[in-house]
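Enquirer: Build me a model from this:
(one chain, ligands or ions: 2)
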Amino acid sequence: MASAATQGFSVVSKPTKPIEGQKTGTSGLRKKTKVFQSENYLANWIQSLFLALGEEAKGKTIALGGDGRYFNKEAVQIILKLAAGNGLKKVVVGKDAITATPAMSAIIRRRKLYGGLIMSASHNPAGPDEDWGIKFNYSAGEPAPEKITDKIYGFTQSIQELKIADFPDVDLSKLGTTSFGDFEVEVIDYTTDYFDELREVFDFAKLRSFFANPRFSFVYDALHAVTGAYASRLFVDELGASPDALLNCVPKEDFGGGHPDPNLTYAHELVERLFGTDAPDFGAASDGDGDRNMILGRSFFVTPSDSVAVIAANAQAAIPYFSAGLKGVARSMPTSGALDRVAKRLNLPFHETPTGWKFFGNLMDAGQCSICGEESFGTGADHVREKDGLWAVLAWLSILATKNEGRGEGAALVSVRDVVTEHWRTYGRNFYSRYDYEGVESERAEKVMAHLTESVIDTVQPGTELGGRVLETADNFAYTDPIDGSVAKGQGIRVVFRDGSRIIFRLSGTGSAGATIRMYVETYRDDPADFDRDAQDVLAGIIATALELSDLPALTGRDKPTVIT
Ligand code: G6P
Ligand code: ZN
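Expert: Ligands and ions are numbered 1, 2, ... in the order given. This is a model prediction of the structure:
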């Protein structure tokens, strides 16, 4: 090993060899924790990142933090030494190596940093036998674009040397700066920049007075993940919620053995509370790294597709950041058309993008999108460049606070259910459901997609009747980014009917074993007599059509999905 002295520390050159399979997706690199713990695995990827960034990163400052999962504490020290060894000037680290994903985006933007690293595998379980992950966000606070992630992958295939600074581990439990020669590590409060950002978006005083309303009750479930480190400071200290309102808000390295994904299946404790006796008025949860959200009312689930539509419809009146109106709205293709109706009525620019938050970034940078959302429990706005779980919760609380403002003593609370029902009365209801077929053999999954292509897209003409509905269009969704002209093809099969109903099939891009087929179905009703009907009941006809057109049961051998949401 060679060693070159710089003031304060030496840089050790440690030989290494390429390791297979370090292909970086836009959510970074995710593998089993044990894989990351194997020799040089993490170091190789981090070194490749710095090689990919090249001269541009030298002398710059980046941020570093994570969702608190197992192995983050070891990983953070490895990353600090590689950062110094590769000529960065400074790393700003969240205390105890904690930083939620949207908070990281806020830190990069507000401090005008070169970028940031997030140690997280999002909503995947954590622990020695579970998952670990790392992702790089760039200067606007957005996930690294493909031109960077492709380069990183390239370097992982040719890497020969790690450049490691030989200083001791840094104590991350205390705020302040440690210097090693010219290199600095500054431990920061991971809430400051993020809360400052949220304070500029929302009216905290108004939210505080809403929390003081004795008729309102609230519960927040962090699923033992990163937002637990923010929840007490935000909801209790800043907004005056009762400490009893916090469920599973002590972050744990293994997320308490749970699956930190805020949905009806995994956030079951919260769901039981909201659907049980003496349920609170409002319940919400966020995922491992704090970017996803789920919103519940008393005995009421707000679908993510409805959530973004309701937030967009009420934003101008309820949220100061949007008081001048919205610049535009966007949703991913499989997300229901509820948002489209809001855009139309409010005369807002509207964009339909492929699945994945990265597609919203350009629209936001170009001032064409203020609020956006995905059916996969992601909702957010242009204050940062990640989806933002706590932002969504505050958006809903702001709407409730506004709707309940100035109502006399004794007036019943305008509830989450009331807000959504009122929305349906104005816009109609997009009944929506997603069927997931997990762990399907990849070949069989491809056959379903091929069958749809051959038997519907290539052969059925618009105007043809299918299952009692008239076909408007059927295609494989392609998106041309209106800002940079880049084209994303093959983003999912869409079968759209004249009555507004849609059937969508796509293969999940995030699964780890086999393929997951996602089937999304939607139909629109504007008769209030239908609004309280069960979605599965209203959708029964379109579901039957979807299964018939795809021939999914025969081609996969599955007579029912793994998960229905
Ligand atoms: C991640 C991304 C989301 C995206 C989701 C899709 O969570 O951050 O933006 O909607 O993956 O997952 P899927 O499994 O449907 O490809
Ligand atoms: Zn996440």
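
Enquirer: From now on I want contacts and neighbour counts done on CA atoms only, so please keep to that.
Expert: Noted.

Enquirer: Okay, now the unreliable bits of this structure?
Expert: 1-7, 26, 511-513 (pLDDT under 70).

Enquirer: again, only this time at 50
Expert: Scanning the chain for pLDDT under 50 picks out 1-6.

Enquirer: got the residues of it near ligand 1?
Expert: 355, 356, 357, 374, 376, 508, 509, 510, 511 (C-alpha under 6 Å from any ligand atom).

Enquirer: contacting residues around the second one?
Expert: Contact partners of residue 356, counting by C-alpha atoms under 8 Å, 6 or more residues apart in numbering, are residue 332.

Enquirer: Surely it is in a helix?
Expert: No. Applying DSSP: H, G, I helix; E, B strand; the rest coil, one finds residue 356 to be coil, outside a helix.

Enquirer: Looking at the protein, what residue ends up closest to ligand 2?
Expert: Going by C-alpha to the ion, ligand 2 is nearest to residue 122 of the chain, at 3.7 Å.

Enquirer: Now name the helix or strand holding that residue.
Expert: Secondary structure assignment for residue 122, by DSSP states H and E: no helix or strand.

Enquirer: go on, residue 505?
Expert: When secondary structure is defined by DSSP H and E, residue 505 falls within strand 502-507.

Enquirer: Next, report how far the helix or strand just after that strand is displaced from the centre of its chain.
Expert: Using DSSP H and E, the next helix or strand after strand 502-507 towards the C-terminus is strand 515-525. Mean-position distance between strand 515-525 and its chain equals 19 Å (C-alpha atoms, centre = their mean, to the nearest Å).

Enquirer: how far away is the residue lying closest to residue 183 once chain neighbours are set aside from residue 174?
Expert: Nearest non-adjacent residue to residue 183, counting by C-alpha to C-alpha, 6 or more residues apart in numbering: residue 89, 5.2 Å away. Residue 89 is 20 Å from residue 174, where distance means C-alpha to C-alpha, to the nearest Å.

Enquirer: which of the two has more neighbours?
Expert: A direct count of neighbours by other C-alpha atoms under 10 Å for residue 89 and residue 174 places residue 89 higher, at 17 against 13.

Enquirer: name the element the closest residue in space to residue 551 that isn't next to it in sequence belongs to?
Expert: Distances taken as C-alpha to C-alpha, 6+ apart place residue 448 nearest to residue 551, at 6.9 Å, with adjacent residues excluded. Under the criterion of DSSP H and E, residue 448 resides in helix 442-452.

Enquirer: angle of that helix against strand 502-507?
Expert: 150 degrees (axes from the mean of the first three to the mean of the last three C-alpha atoms, to 10 degrees).

Enquirer: List the buried residues of helix 442-452.
Expert: Along helix 442-452, these residues count as buried under the neighbour rule (16 or more other C-alpha atoms under 10 Å): 444, 445, 446, 447, 448, 449, 451, 452.

Enquirer: Quick one: list the elements packing against it.
Expert: strand 502-507, strand 515-525, helix 540-550, helix 552-556 (3 or more C-alpha pairs under 8 Å, 6 or more residues apart in numbering; DSSP states H and E).
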